[in-house]
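Undergrad: for reference, the sequence and a predicted model appear below.
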Amino acid sequence: MPPVFAHGRLRLYLLKLLDEAPRHGYEVIRLLEERFQGLYAPSAGTVYPRLAKLEAEGLVTYATEGGRKVYSITEAGRAELADRSGELADLELEIRDSVTELAAEIRDDVRGAAGDLRREMRAAASASATRVEDESWKAAKEELRKARQEWKEQARRAKDESRRAREEAQQARRQAKEAQERAREEVQRIASQLQEQFAKSGGVLGSLAGAWLGGSTPAEPAASGTPLIVDTDWAEDLTPSGDAARDLDRLLDRFRDDVRDAARDHGVSPAQLAEARAHLAAAASRLTGTLHKS
């Protein structure tokens, strides 16, 4: 950057500023900065030696105020300004030109710096975008791989659980069917024993057993010692439900209903009731023991 003031020009401008009003050195520096619109500010090492030289030449004088020198122009200084008035007018034009030139240089510097900054920012943004894109793509592929692996694992577990559920359901159906068959066989066995015992005891209980087990309701009691025929198809109309406990309840309900109907039709004496209680207790004991085995 070329010098702001040509040789001797700063000396002349200092006289002009002091001709306007007395000033101390720091105030002179600030005024110069204002005149150049903040684009130029002389240093103290530039201003104070020139003020001291002007004072030595008798062009300015100073008075001390508050510990600082306040400079004022002398008559000799005003005389020099008057002699150099044309040069001072040229100096004002030079200052305006210097301000314009300095502003242009600063604009060029700023524009160049801004252009460099924009290029650097674009390059950095492009590199960052490429890096982010690569990292995002890698992360997305890794997430996809994990999701696919997780889906396969869940499908395998679901398949295994479905297979185990089918096996458990099949086993439960087999167990229920076996329990139902055992219960039916036990009821038929106990019914056969009750029939034999009722046949031996004779009387109304024999008729009750015949009515329940044989499906008939004879008008006269069976003769003592006469065996009764066991109906192995008893309660076949009760269709299995798949729930052995429920089917057992239904068999017992049928047993109760058939015996109750026979007793209502033929009547029961106290002696027959006592004997029936003994036989029923024996049957209950046998059934309970059988169910405990399962």
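TA: Received it, and whenever you're ready, just let me know what you need.

Undergrad: and the helices in the stretch 101-250 of the chain?
TA: For the stretch 101-250 of the chain, the helices defined by DSSP state H, counting those that start in this stretch occupy 203-214, 244-266.

Undergrad: those helices: lowest mean pLDDT?
TA: Set side by side, the helices of the stretch 101-250 of the chain give their lowest mean pLDDT on helix 203-214, at a mean of 49.

Undergrad: how many neighbouring residues does K177 have?
TA: Using other C-beta atoms under 10 Å, the number of residues around K177 comes to 13. Every residue, glycine included, has its C-beta placed from N, CA and C.

Undergrad: can you check A176 too?
TA: When counting by other C-beta under 10 Å, one arrives at 18 neighbours for A176.

Undergrad: which residues does it contact?
TA: Taking C-beta atoms under 8 Å, 6 or more residues apart in numbering as the criterion, A176 is in contact with G242, D243, A244.

Undergrad: distance of it from S72?
TA: According to C-beta to C-beta, to the nearest Å, A176 and S72 sit 125 Å apart.

Undergrad: picking that back up, JSON lines for the contacts of A176, including distance to R157?
TA: Output for the contacts of A176, formatted as JSON lines (distance: C-beta to C-beta, whole Å):
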{"residue": "G242", "distance to R157": "29"}
{"residue": "D243", "distance to R157": "30"}
{"residue": "A244", "distance to R157": "32"}
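
Undergrad: in which helix or strand does the residue nearest to R9 when sequence neighbours are not counted reside?
TA: Nearest residue to R9 in three dimensions, chain neighbours excluded: L91, at 5.5 Å (C-beta to C-beta, 6 or more residues apart in numbering). Remark: L91 resides in helix 85-201, with elements defined by DSSP states H and E.

Undergrad: wasn't G58 part of a strand?
TA: No. The secondary structure assignment for G58 gives coil rather than a strand, going by DSSP: H, G, I helix; E, B strand; the rest coil.

Undergrad: is it correct that it is in contact with A76?
TA: Yes. Using C-beta atoms under 8 Å, G58 and A76 qualify as a contacting pair, with a distance of 5.2 Å.

Undergrad: more neighbours, the two?
TA: The residue with more neighbours, out of G58 and A76, is A76; 14 against 11, by other C-beta under 10 Å.

Undergrad: K53 versus the more buried one, what's the distance?
TA: In this structure, A76 lies at 14 Å from K53, with C-beta to C-beta as the measure.

Undergrad: try T46
TA: Between T46 and K53 the distance, using C-beta to C-beta, works out to 12 Å.

Undergrad: one more: Q188?
TA: 143 Å.

Undergrad: okay, these two: which has more neighbours?
TA: Using other C-beta under 10 Å, the more surrounded residue of Q188 and K53 is Q188, with 18 against 13.

Undergrad: just checking, that one touches A235?
TA: No. Counting by C-beta under 8 Å, A235 is not a contact partner of Q188; they are 9.2 Å apart.

Undergrad: burial of the closest residue to V187 other than its chain neighbours, as a residue count?
TA: Taking C-beta to C-beta, 6+ apart, and ignoring the residues beside it in sequence, V187 has L251 as its nearest neighbour in space, at 5.6 Å. Residue neighbour count, defined by other C-beta under 10 Å, stands at 18 for L251.
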